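J.: Provided below are the primary sequence and the corresponding predicted coordinates.
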Amino acid sequence: MSDTLTTIVHTVHDLRQHAPLVQCITNQVVPQITANALLAAGASPAMVDTPEEAADFAAIASGLLVNTGSPTAAQYSAMREAVRGATAARTPWVLDPVACGGPAARTEFSRDIVAHRPAAVRANASEVIALADSAQGRGGRGVDSTDEVDAALQAAQSLTERTGSVVAVSGPQDLVVSVGRVSWLASGDPMMQRVIGTGCSLGALTAAYLGAARTGSENVTDHDAVLTAHAHVGAAGTLAAKDLVGNRRGPGSFAVAWLDALATVAEDPSVIAELVSVTETVTETDEETAG
Amino acid sequence: MSDTLTTIVHTVHDLRQHAPLVQCITNQVVPQITANALLAAGASPAMVDTPEEAADFAAIASGLLVNTGSPTAAQYSAMREAVRGATAARTPWVLDPVACGGPAARTEFSRDIVAHRPAAVRANASEVIALADSAQGRGGRGVDSTDEVDAALQAAQSLTERTGSVVAVSGPQDLVVSVGRVSWLASGDPMMQRVIGTGCSLGALTAAYLGAARTGSENVTDHDAVLTAHAHVGAAGTLAAKDLVGNRRGPGSFAVAWLDALATVAEDPSVIAELVSVTETVTETDEETAG
Amino acid sequence: MSDTLTTIVHTVHDLRQHAPLVQCITNQVVPQITANALLAAGASPAMVDTPEEAADFAAIASGLLVNTGSPTAAQYSAMREAVRGATAARTPWVLDPVACGGPAARTEFSRDIVAHRPAAVRANASEVIALADSAQGRGGRGVDSTDEVDAALQAAQSLTERTGSVVAVSGPQDLVVSVGRVSWLASGDPMMQRVIGTGCSLGALTAAYLGAARTGSENVTDHDAVLTAHAHVGAAGTLAAKDLVGNRRGPGSFAVAWLDALATVAEDPSVIAELVSVTETVTETDEETAG
């Protein structure tokens, strides 16, 4: 097992010990699967997303997810409040800039909030490119839905250099980028695209792993934590696909099996080593600051 | 196989080719199952339902669902905006007038918005009767929850004549009415009534099929598209009920099997011919304008 | 079978006959599982939660759930309206004071609304203690998340004496308290804690059972109704855990099996006698007023 896989396995194990409390400000479609995914992995969900409660709760939460998929006026306000509370209390937070590059107000919000330096950004390729464009001062350009993950590498590196955030790009292979370190993760199953909320849940688990890493005594970097969240979710996808039998191979059964597999991986993290593979490039000079 | 069944099978096949983007403004209970049903069938869900984003998105969506089950002030505003955007861009939209005939403001809203001529109305018998009453200028009357689907035939015909909408009435047998054409569809399973959101998901799939039909080069009428949505959903219900075994025959297992079956039907539409039956009355003179 | 178990079995049977209409004002995470749990048990869900519709609907509903887990300004307003409508129409209502003892505004709201005398309060130990503190005029104190159910007994008794509400405390053993009667219920499975919404659904089923009991001609007390809701939900949990096989023993499969089991118990209530046990203390003098 590579050093990185060993770290991932240990980090999954630690999550259950720390049982981080994860505040989620997310969209209307996915709260149930997000909460269930956090519970299955060993974390505690708390969908505290009103402007009145968001900041105070972010100060006591282990981690925070800000997902822009349901951008009501109240949600925007709650997101800003939560980021304020998280920043003051040094609670790590994750930005999932849903549809950044699409509706103008949503793109603008994501570009504005990312300046507050989330611990991580988790998105698809198009969203990362649209988000990075602002950081580079280039303004919005049309985003092609055919952007591939590797096309997002440059954008991710630009974004991580500017904000210090770990940037994760979901795709056929996931890409995790921080200053001086680039990880490619092969895992998961195409069925994950056919179940709503697997990506949004990954954002929440990223916040959970960041929260656990900051709490733990172990030397787990933010990059390790983000990579582990992706490995956990992807390994569960691979495992779930293997578990389907007979007539019950569709997305309904897959969604159920994926939640089961999140728990299986949490209970026996060593299975990850057989279910995912990681390729990394580390720039020696910058490695010290990668966490 | 009858001509109608042949058309249905071809139309299901086409949906996956077109992968229509379906904007849903729906209630708080069903976004997850609605999104999963669209994905299982081969469409793409987008729950864009803020007043700020609704109109612009309706202009680029393939189809739009307006479901009145969660009538916050912001939702009402978003529904009006979305209908405005859809009308300007000729995006077909579906009205699901949940609880029309119940709360006064909700009934009034449905009666007002239907004047903007949705491509289709999908509802149960009581709702269609309550909705048609307004179109006839009779004002609201008490709606009996025992209204049967066939009692709604006259109301549906009145509504379709006034608005040009295809009107679909869900029940033990589904009824689809357009000017000059009446279709009765036998399909589904009583278990569908015990899973929340199967009806609301049908509304979303109706928007998906209308969107795909308008996009496609094939000569699929709106009536065909609406009928196909009902056949797809009903066939999946029949298939799901057959798939349940042992101790796992309850509504939890049925909901999972139904999502699986939506995908199975999408992948092999020919199974529909064995799972549904259609009886139709076509008035020759009006047939030309039925679409 | 003890008298209490006999009453429980009969009360479960009656629910399906009455099919109570249950209005739920609940949080954003659990509407789907709550609606499905009500349907599985034989009740009808209605998530009517706007300030405009809440009071009128509470007057026609069989029962009402007020769950403070999603406290937007509109939700607070809808809860107050619904309680007003329910009180005027003598519709029994249930308070689930989610996170009472946590965020200040939420605690204050729960303490204020409980003065309107819900038929029942359903909560965990910490929430009941935080809620009772106000009733005793002691003001808020820090709530320890390690509060055990039996530590809540005194708080529950204080609360029930002050408000007349049946007070139910969820935990490894559930506690149901009314004036002169204390019931301990052993049932359920630890997996229930790993599926979001089982507790919130229990609140909704409590409202369903209260509604059915008030409608029925049988002499079922509110205490009986609340106890039966807990027995139904707990028995389903035990049954669901037994049903899991092979690789599919995780929380995803459990959630599905639990919904199945809610229906199984509803269809054959006699199974409850093998799945739960009840221990009771009745103070003779007060027994007459326990309902």
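T.: Structure's in. What do you need? Residues are numbered from 1 along each chain as shown, chains lettered A, B, ... in the order given.

J.: and the stretch 51-200 of chain A, which residues reach chain C?
T.: Neighbours of chain C within the stretch 51-200 of chain A, by Cβ under 8 Å from any Cβ of the partner chain: A:52-53, A:56-57, A:74. C-beta: built from backbone N, CA, C; applies to glycine.

J.: Save those residues as JSON lines, and put in secondary structure and pLDDT too.
T.: Output for those, formatted as JSON lines (DSSP: H, G, I helix; E, B strand; the rest coil; pLDDT from 0 to 100):
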{"residue": "A:52", "secondary structure": "coil", "pLDDT": "96"}
{"residue": "A:53", "secondary structure": "coil", "pLDDT": "96"}
{"residue": "A:56", "secondary structure": "helix", "pLDDT": "97"}
{"residue": "A:57", "secondary structure": "helix", "pLDDT": "97"}
{"residue": "A:74", "secondary structure": "helix", "pLDDT": "94"}
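
J.: could I get these as JSON lines with neighbour count?
T.: Shown next, in JSON lines, are those (neighbours: other Cβ atoms under 10 Å in any protein chain shown):
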{"residue": "A:52", "neighbour count": "19"}
{"residue": "A:53", "neighbour count": "23"}
{"residue": "A:56", "neighbour count": "18"}
{"residue": "A:57", "neighbour count": "25"}
{"residue": "A:74", "neighbour count": "18"}
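
J.: At which residues are the strands of chain A located?
T.: Taking DSSP state E as the criterion, chain A carries its strands at A:21-25, A:44-46, A:63-67, A:93-96, A:120-124, A:166-170, A:173-178, A:181-186, A:277-282.

J.: I'd like those laid out as a markdown table, including mean neighbour count.
T.: Converted to a markdown table, the strands of chain A look like this (neighbours: other Cβ under 10 Å):
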| stretch | mean neighbour count |
| --- | --- |
| strand A:21-25 | 27 |
| strand A:44-46 | 20 |
| strand A:63-67 | 31 |
| strand A:93-96 | 30 |
| strand A:120-124 | 28 |
| strand A:166-170 | 29 |
| strand A:173-178 | 26 |
| strand A:181-186 | 20 |
| strand A:277-282 | 15 |
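
J.: Please name whichever of those is nearest to residue B:10.
T.: Closest approach to residue B:10 among those is made by strand A:120-124 (32.8 Å; Cβ to Cβ).

J.: Chain B versus the nearest residue to residue A:107 once chain neighbours are set aside, what's the distance?
T.: Among residues not flanking residue A:107 along the chain, residue A:100 sits closest, at 5.1 Å (Cβ to Cβ, 6 or more residues apart in numbering or on different chains). Residue A:100 is 13 Å from chain B, where distance means Cβ to the nearest Cβ, to the nearest Å.

J.: How many residues are close by residue A:100?
T.: 30 (other Cβ atoms under 10 Å in any protein chain shown).

J.: Hmm, it is touching residue A:130, no?
T.: Yes: proximity of residue A:100 to residue A:130 meets the contact threshold set by Cβ atoms under 8 Å, at 4.6 Å.

J.: still on that earlier bit, so which pair among the residues of the stretch 51-200 of chain A next to chain C is furthest apart in space?
T.: In those, two members sit farther apart than any others by Cβ to Cβ. They are A:56 and A:74, at 16.1 Å.

J.: In contact with residue A:55: list those residues for me.
T.: Each residue near residue A:55 by Cβ atoms under 8 Å, 6 or more residues apart in numbering or on different chains is listed here: A:81-82, A:84-85.

J.: Need the per-residue pLDDT for it.
T.: The score at residue A:55 is 98. That number is its pLDDT.

J.: for the residue most central in space within chain A, what are its contacts?
T.: The C-alpha lying nearest the average C-alpha coordinate of chain A belongs to residue A:203 (Cα atoms, centre = their mean; 3.1 Å). Residue A:203 sits next to A:26, A:65, A:67, A:94, A:96, A:122 when contact means Cβ under 8 Å, 6+ apart.

J.: out of these, who's nearest chain B?
T.: For the contacts of residue A:203, the closest approach to chain B (Cβ to the nearest Cβ) belongs to residue A:26, at 11.7 Å.

J.: which residues touch the closest one?
T.: So residue A:26 contacts A:34, A:47, A:49, A:65, A:67, A:69-70, A:96, A:200, A:203-204 (Cβ under 8 Å, 6+ apart).

J.: Distance-wise, check it relative to residue A:90.
T.: 22 Å (Cβ to Cβ, to the nearest Å).

J.: sorry, back to before: next, format the contacts of residue A:26 as TSV and append distance to residue B:175 and pLDDT.
T.: Supplementary listing: the contacts of residue A:26 in TSV, determined by distance: Cβ to Cβ, whole Å; pLDDT from 0 to 100:
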residue	distance to residue B:175	pLDDT
A:34	39	98
A:47	40	96
A:49	41	96
A:65	45	98
A:67	41	98
A:69	36	94
A:70	35	82
A:96	43	98
A:200	38	98
A:203	43	98
A:204	43	98
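
J.: follow-up on the earlier one: shared neighbours, residue A:100 and residue A:130?
T.: Both residue A:100 and residue A:130 are contacted by A:107, A:110, under the criterion Cβ under 8 Å, 6+ apart.

J.: what about stretch A:96-107, start to end distance?
T.: 12 Å (Cα to Cα, to the nearest Å).

J.: Pull out the buried residues from that stretch.
T.: Across stretch A:96-107, burial judged by 16 or more other Cβ atoms under 10 Å in any protein chain shown covers A:96-103, A:106-107.

J.: At which residues are the helices of chain A located?
T.: For chain A, the helices defined by DSSP state H cover A:3-18, A:31-41, A:54-60, A:73-89, A:104-113, A:125-135, A:153-163, A:198-215, A:222-243, A:251-267, A:272-275, A:284-287.
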